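J.: predicted coordinates and the sequence they were generated for:
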Amino acid sequence: MARLPRFDVPGIAQHVIQRGNDCQPCFLTDEDRQRYLDGLREATLCHWVAVHAYVLMTNQSELN
């Protein structure tokens, strides 16, 4: 089931998380990670969004 739309208040920061389906990794290679970051940068410039911080982590189940 898809997530409900976020409640957006202009000027208020949001914490956004992206996770893989069924605990699958979102990125398989460094090229995948770079493509994601390139797309994120393009989207921030296109939509005038400020990204204050980010981290590309492995799936949390891999950390246990």
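T.: Perfect, I can see it now.
J.: and the residue nearest the centre of this structure?
T.: residue 18 (4.6 Å; Cα atoms, centre = their mean).
J.: without its sequence neighbours, what residue ends up closest to that residue?
T.: Leaving aside its chain neighbours, residue 18 sits nearest to residue 26 (6.1 Å; criterion: Cβ to Cβ, 6 or more residues apart in numbering). In short, each C-beta sits where N, CA and C put it, glycine included.
J.: how about the one you found, secondary structure?
T.: The local conformation at residue 26, judged by DSSP: H, G, I helix; E, B strand; the rest coil, is coil.
J.: just the buried residues of stretch 36-44, please?
T.: By 16 or more other Cβ atoms under 10 Å, stretch 36-44 has no buried positions at all.
J.: dump the residue contacts of the residue nearest to residue 18.
T.: For residue 26, the contact set (Cβ atoms under 8 Å, 6 or more residues apart in numbering) comprises 18-20, 32, 36, 59.
J.: do the same with residue 27
T.: Taking Cβ under 8 Å, 6+ apart, we find residue 27 in contact with 33, 36, 56.
J.: and what of residue 52?
T.: Residue 52 makes contact with residue 13, according to Cβ under 8 Å, 6+ apart.
J.: can you give me the helices for the chain?
T.: Along the chain, the stretches classed as helices by DSSP state H are 30-47, 60-63.
J.: re earlier: what's the distance between the residue nearest to residue 18 and residue 11?
T.: Per Cβ to Cβ, to the nearest Å, residue 26 is found 29 Å from residue 11.
J.: residue 49 now?
T.: For residue 49, the distance to residue 11 equals 12 Å [Cβ to Cβ].
J.: the more surrounded of those two?
T.: A count of neighbours by other Cβ atoms under 10 Å puts residue 49 above the other of residue 49 and residue 11, at 10 against 4.
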